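> here is my input, please return the structure:
(2 chains)
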Amino acid sequence: MKISPKYNASEIESKWYDYWMKNNYFHSEVDEREPYTIVIPPPNVTGVLHMGHMLNNTIQDVLIRRARLLGKNACWVPGTDHASIATEAKVVAKLKEEGINKNDLTREEFLNHAFEWKDKYGGIILEQLKKLGASCDWERTKFTMDDDMSEAVIKVFVDLYNKGLIYRGFRMVNWDPEAKTTLSDEEVIYEERQGNLYYLEYDIVGSDEKVTIATTRPETILGDSAICINPEDERFTHLKGKKAIVPLCNREIPIIEDSYVDVEFGTGCLKVTPAHDENDKVLGDKHNLEVIDIFNEDASLNSFGLHYEGKDRFVVRKEIAKELEEKGYLVKVEQHTNKVGTSERTKAVIEPRLSDQWFLKMEDLAKPAIEGVLGEDRDVKLYPRKFENTYRHWMENIRDWNISRQLWWGQQIPAFYYGDGKEDFVVAETKEKALELAKEKTSNANLQTSDLRQDPDVLDTWFSSWLWPMSVFDGIRNPENEEINYYYPTNDLVTGPDILFFWVARMIISGYEYKDTRPFENVYLTGLVRDKQRRKMSKSLGNSPDALKLIEEYGADGVRVGLLLSSAAGNDLLFDEALCQQGKGLGNKVWSAFYLTSIWEVSEEIEQPEHSKIAIDWYKTKLQKTLAEIEDHYSKYRLSDVIMSIYKLINDDFCGWLLEAVKPAYQQPIDKKTYDEVIAIFEDNLKVLHPFMPFITEEIWQLISERTAEEALIIAKYPAINEVKDSSIIEEFDFATSIISGIRTIRKEKNIAFKEVIELYVVNNENSTKSFDSIIKKLVNISEINYVQEKVDGASFRVKSNEYFVPISADSINVEEEIKKITEELNYTEGFLKSVQKKLSNERFVNNAPEQVVANEKKKEADALAKIETLKASLASLE
RNA sequence: GGGCGAAUAGCUCAGUUGGUUCAGAGCACUUGGUUUACACCCAAGGGGUCGGGGGUUCGAAUCCCUCUUCGCCCA
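Coordinates of the predicted model:
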């Protein structure tokens, strides 16, 4: 068959993806083989592919394809996440564009719009993953709001409630005034903001004294319920037991004492606003203070805001500062930098707010998950291990999880209210069951479903995704079904460290709670993808390359290799398109090597030449050694080292040395034995490379010979890995390459063209093997290698104590230069010898160092001595 | 403010129990090379006080102390 000398990625990639799909290689069914399972971290249903996904999913695909080649039953479950806040925000924005206000819609109408949106844009990202080559089992695609998935979520909620782990609490929560919802602590991003520190004077009741406090939020004085001083602080002793008057609203508030107050900060005197600050809330509870909430749900002021009622908090901050100044309460204003919590989704400044929420008690649930990861047997292993510390810190300080969200998009909380009392509700999977429970609880047999009002809030998205590894196999609803028993626990999880707590830790918690086992064995935490300036890639910066364009330009194979080349687990990846170029370069290299073999004419007539036989023997050993190395890297999840090893194997060893060694002269045929062996070796290389570059390897595999569907590369058998017992051939080969390098250097220095045949003379002090002579002769165009006892006139170089000579015409020999070169080498070697001997003459070294180390130093000494002999002899003959 | 981690070549990073991987890889750079598979190529080469200082040791990139700078998480 005629092979094109150039490789065209885009045509070939879609061809093979279709072929794999058609033959159903990605699909997995329960069978007798060992399973290998990965569940995808479900991307947001409305998301588009970005660099982080590309990295993530390439890693997963490498692991899955490798498992497939190793003969395991590989199952990669794809899917998407309903991402309640993000998706609802997008739908609200889209409706707004159409002139529709969410508040004018019923819940049902809104959800119809949302599902319409989801059906239209949902899953685009999964289509994009196909372009990358992701070999997911698409028949298993799940969505966190599929009916069965939602059922599982509700079932778990009810179960946890019945176990007494879910409770309703009036708590300080993070309130997003723009989305009008609570956020979990993890969804709040703290940003450093430049603000002001306002120093305000409060009058003291019944005296002319005043007290000055410092605050960053003057608008909250209207919610003040105390002034707090440190009991140790002598500056304020005189205020103990007195009362202060809040400016503007003229309310009297007590002056309390608590050691919580930092005497160094501000004036050492604190105003307490329990409704609007978490620490103040704690103080308030302790000292039994009044709670005065001055905000509406959009963070504008309510009636406690006096004449500021209805105005936004930031407007009020400016205006009230002005009023306070005019009325003489404002002493001074200082510049002050503080950390402000903002919403991850809407970017709005979050407001601590007291509200009714649902919470999950975490402390006891977390215990098995702490033991699982940090216990001695490391039931769940994190890669890289440095994240164990972060995990420990979080898990040991875990707080109850606020699982309710004031949204419509998501699983509605299955709590049903039948009255106005705080405890007038029941929790059940369906309204019918709820009615029964409510009848029981109230002893009112006349209750109707219409008397029940379901809690309007939905559950936090993570409350559905924490079940993901179980629920995709229906393990919650049917805990003993065949699939969950076969595929669960899954093997590897690949995700970013930014969701170690949001998601990974919670899956581990739910796994131990509901299956009494880990959800996965290994967690590979990838780094974040950053640009060359180390900035996080983001839409707003516009520094994220278009993923699909990259694939178009470099091919999916090239992009995959490019991404993995520089991404050690847990390290951020500084993305540079040049890496994709390197990936594409490897593809070209492989293709071009294949093209070379395709144009050879094969002859059964000729014998296998010596140089081919040796080169093939060497490569086979080298391959075994590299396979073992690769195995080791895989076991440590060091994929960038795996691809680097493969890169060097193919680029340097296979193309650079083996093919050069066996390549017949121009337009000469190659012997059949060598050809067959080279092709077999090529096939092994393709198998090793396949997980990283699935497309080009399958293409070449199928071009090498006609294959049936059962013989496709994607399901081929990975090369056997045998222990290398004798690696002397590799050492001998390395010695030969040093000789080849030496000759190349001489050719370059002396301007001897490659096509000019030269002779080589050797003084073989090392008594090194001659078996590589044929290869040396071929690779550096030498007519004859002559073994001699004495130095020969010409250019020279040394490998260990061996000396090599290339005779050249007398006028191009510069004796002085030769002497200088040899003298330098001699000086260096003598210096080296001296340091070695110094070590060896140190009694404490010889007595304390391990035998192996001492023996090695002795060998270094002997080698150096031999080399010095050679160099001195050379010098003597030149002078 | 609390916790965790990092600093090695121009860049990105390896370097496991202190000595056989001990100063390394890839990229970038410099120089030379194309009738012979690949210029998306090949070859040769330069380049680092292992962040600073101190200590332990026969021996330190590696262990300890300290300082500096940076990153991440949490409050």
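
> in which helix or strand does the closest residue to RNA strand B within the stretch 201-350 of chain A reside?
Nearest residue of the stretch 201-350 of chain A to RNA strand B: residue A:339, at 3.7 Å (CB to the nearest atom of the strand). In this view, the C-beta of every residue, glycine as well, is placed from N, C-alpha and C. In this assignment (DSSP states H and E), residue A:339 forms part of strand A:330-343.

> show me the contact partners of that strand.
For strand A:330-343, the surrounding residues in contact (CB atoms under 8 Å, 6 or more residues apart in numbering) are A:174, A:176, A:178-179, A:183, A:187-201, A:212, A:214, A:216, A:321, A:324, A:348-350.

> then stretch A:3-11?
Under CB under 8 Å, 6+ apart, the answer for stretch A:3-11 is A:552, A:554-558, A:584, A:587-588, A:591-592, A:594-595, A:598-599, A:695-696, A:703.

> how close does the residue of the stretch 201-350 of chain A closest to RNA strand B get to residue A:405?
24 Å (CB to CB, to the nearest Å).

> which one of these two is surrounded by more residues?
residue A:405 (27 against 10; other CB atoms under 10 Å).

> what residues are bridge-paired with the more buried one?
residue A:458 (DSSP bridges).

> from RNA strand B, how far out is it?
In this structure, residue A:405 and RNA strand B are 18 Å apart, going by CB to the nearest atom of the strand, to the nearest Å.

> next: residue A:65.
23 Å.

> got the contact list for that residue?
Shown in contact with residue A:65 (CB under 8 Å, 6+ apart): A:74, A:135, A:690, A:691, A:694, A:714.

> among the residues you listed, which are located in strands?
residue A:74 (DSSP state E).

> and the contacts of residue A:65 as CSV, adding pLDDT?
Listed next are those as CSV, based on pLDDT from 0 to 100:
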residue, pLDDT
A:74, 98
A:135, 98
A:690, 97
A:691, 97
A:694, 97
A:714, 97
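
> which of the contacts of residue A:65 has the largest number of neighbours?
Busiest of the contacts of residue A:65 [other CB under 10 Å] is residue A:691, holding 28 neighbours.

> can you list the residues of the stretch 551-700 of chain A near RNA strand B?
A:565-566, A:568, A:571-572, A:574, A:578, A:581-582, A:584-585, A:588-589, A:592-593, A:595-596, A:599, A:640-641, A:644, A:647-648, A:651-652, A:655-656, A:659-660, A:663, A:665-666 (CB under 7 Å from any atom of the strand).

> which among the residues you listed count as buried?
Buried members of those, scored by 16 or more other CB atoms under 10 Å, are A:565-566, A:568, A:572, A:574, A:582, A:584-585, A:588-589, A:593, A:595, A:640-641, A:644, A:647, A:655, A:659, A:663.

> okay, and which of these map to strands?
Using DSSP E, those in strands are residue A:574.

> so which of the buried ones among the residues of the stretch 551-700 of chain A next to RNA strand B sit within helices?
Using DSSP state H, the members of these that fall in helices are A:565, A:582, A:584, A:585, A:588, A:589, A:593, A:595, A:640, A:641, A:644, A:647.

> ok, these vs residue A:271, which is closest?
residue A:640 (54.1 Å; CB to CB).

> want to throw the ones in helices among the buried ones among the residues of the stretch 551-700 of chain A next to RNA strand B into TSV with distance to residue A:502 and pLDDT?
Below are those laid out as TSV (distance: CB to CB, whole Å; pLDDT from 0 to 100):
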residue	distance to residue A:502	pLDDT
A:565	29	83
A:582	34	89
A:584	35	92
A:585	38	92
A:588	41	93
A:589	41	94
A:593	46	95
A:595	49	94
A:640	26	87
A:641	29	88
A:644	32	90
A:647	35	92
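
> could I get these as a markdown table with distance to residue A:732?
Shown next, in a markdown table, are those (distance: CB to CB, whole Å):
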| residue | distance to residue A:732 |
| --- | --- |
| A:565 | 31 |
| A:582 | 31 |
| A:584 | 35 |
| A:585 | 30 |
| A:588 | 31 |
| A:589 | 26 |
| A:593 | 25 |
| A:595 | 31 |
| A:640 | 31 |
| A:641 | 26 |
| A:644 | 25 |
| A:647 | 24 |
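
> residue A:70: neighbour count?
Around residue A:70 there are 12 residues (other CB under 10 Å).

> now do the phi/psi pair for the residue lying closest to it once chain neighbours are set aside.
Nearest non-adjacent residue to residue A:70, counting by CB to CB, 6 or more residues apart in numbering: residue A:718, 5.3 Å away. With angles defined as degrees, to the nearest 10, residue A:718 sits at phi -60, psi 140.

> domains of chain A?
The record's domain split for chain A, according to automatic domain parsing, is A:9-146+A:464-547, A:181-351, A:548-725, A:750-878.
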